[in-house]
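S.K.: Fold the following, please.
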Amino acid sequence: MAKIAIDSSTEVCSAALLEGGEVIAERLNMVGSNHAALLAVYVHELQTEAAARGLKIDGIVLSEGPGSYTGLRISASLVKGLCYGLDVPLIAVPTLAVIARAAITDIARFQDSLSAKPSKSPKFEVLICPMIDARRMEVYCALYDTRLNELQPLQAKVIDADSFAEVLEKNIVCFCGNGAEKCKSVITHPNARWADGIVPTGAWTGRLAEDRIQMKVIEGKQIAYFEPNYLKEFIAAPSHIKGLSSPKRN
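M.R.: So this is what the prediction gives:
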């Protein structure tokens, strides 16, 4: 049995074929704005790969957001169609948890920071704060420990110099994701660490889902009623195409 896992919540477009949490094949595009053109092609190629290996697809895994409204709509529509057509469950995992799962592989290089800094707290440890860019100085973020226990739930947060100050006083915090880069010059606490290049992908989405399946803490979604976690309502920008601008009101 195998699963196809998809992520298009950020500028990255990716899909992966996994068997028992092991990545068999992966398709990945980092350029952005190609989700509509590439995602269905990637999935078809992975289905062909699965058939060639004699693997039966028993579920589709989706990174459910938050993130890009357009990217999430594209992947959700595709996945719902696949699940109907293949008669398999839709398994959704939070995108921020996917980023945190990927970042765990980088956490080891921060462990030395714990012994280097004396602490009065017996719970002093490395925590993970995945961030997704939400424009300007706002990010979607959450806080996890290295076992992926959620310590602070998903929220939209405007970052300033005092953000996470209380947590940083007692812990090393590893900030990661495409929203973290713009926060480097603002969050200057000495206990802040930055893991660059950590992005959500189909491979990490599938690995997280497999972890939760093994722990029996995840179940399939109702396909007909499933919607991605947009967190905030979509607000369309004014059109700049001649003749399509909104009419003026008196």
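S.K.: what sits against Glu210?
M.R.: The contact partners of Glu210, by Cβ atoms under 8 Å, 6 or more residues apart in numbering, come to Lys3, Leu18, Gly20, Gly21. Bear in mind the C-beta positions are built from the backbone N, C-alpha and C, glycine included.
S.K.: Of the residues you listed, which belong to strands?
M.R.: Lys3, Leu18 (DSSP state E).
S.K.: ok, so of the contacts of Glu210, who is nearest Lys221?
M.R.: Ranked by distance to Lys221 (Cβ to Cβ), the contacts of Glu210 are led by Lys3 at 14.2 Å.
S.K.: Name the nearest residue to the closest one, sequence neighbours excluded.
M.R.: Using Cβ to Cβ, 6 or more residues apart in numbering and skipping the chain neighbours, the partner closest in space to Lys3 is Gly59 (4.6 Å).
S.K.: helix, strand or coil for that neighbour?
M.R.: Of the three states, Gly59 takes strand under DSSP: H, G, I helix; E, B strand; the rest coil.
S.K.: give me every residue that touches it.
M.R.: Contacts of Gly59 by Cβ under 8 Å, 6+ apart are Lys3, Val88, Pro89, Leu90, Ile91, Gly220.
S.K.: so who does the most centrally placed residue in the chain touch?
M.R.: By Cα atoms, centre = their mean, the chain has its centre lying nearest to Thr95, at 2.5 Å. Taking Cβ under 8 Å, 6+ apart, we find Thr95 in contact with Asp7, Ser9, Thr10, Ser63, Glu64, Gly65, Pro66, Gly67, Ile132, Pro200, Asn229.
S.K.: ok, Asp162 - contacts?
M.R.: Counted by Cβ under 8 Å, 6+ apart, Asp162 has zero contacts.
S.K.: and the gap between the closest residue to Leu86 other than its chain neighbours and Pro200?
M.R.: Of all residues not flanking Leu86 in the chain, Ile57 sits nearest, at 5.8 Å (Cβ to Cβ, 6+ apart). Distance of Ile57 to Pro200, given as Cβ to Cβ, to the nearest Å: 21 Å.
S.K.: Compare neighbour counts for these two and give me the winner.
M.R.: Pro200 (31 against 19; other Cβ atoms under 10 Å).
S.K.: Other residues contacting stretch 182-190?
M.R.: Residues outside stretch 182-190 that contact it (Cβ under 8 Å, 6+ apart): 131, 133, 137, 139, 159-161, 163-165, 168-169, 175, 194.
S.K.: quick one on the thing from earlier: got CSV for the contacts of Glu210, with pLDDT too?
M.R.: As requested, these are arranged in CSV below (pLDDT from 0 to 100):
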residue, pLDDT
Lys3, 97
Leu18, 98
Gly20, 91
Gly21, 92
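S.K.: Provide a PyMOL selection command restricted to the buried entries of the contacts of Glu210.
M.R.: Burial among these is assessed by 16 or more other Cβ atoms under 10 Å; the matching PyMOL selection reads:
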select buried, resi 3+18
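S.K.: Point to the helix or strand of the chain where mean pLDDT is at its lowest.
M.R.: helix 112-116 (a mean of 53; mean pLDDT, DSSP states H and E).
S.K.: and the very next helix or strand once past that one, what does it pack onto?
M.R.: The element immediately downstream of helix 112-116 (helix or strand, assigned by DSSP states H and E) is strand 126-133. If you count contacts as 3 or more Cβ pairs under 8 Å, 6 or more residues apart in numbering; DSSP states H and E, strand 126-133 packs onto helix 95-107, strand 138-145, strand 172-176.
S.K.: re the thing from before, can you read off the pLDDT for the residue nearest to Lys3?
M.R.: With respect to pLDDT, Gly59 scores 96.
S.K.: could you check the angle helix 95-107 makes with whichever helix or strand Thr205 is part of?
M.R.: Counting by DSSP H and E, the element that carries Thr205 is helix 202-214. Put simply, helix 202-214 runs at 100 degrees to helix 95-107, going by axes from the mean of the first three to the mean of the last three Cα atoms, to 10 degrees.
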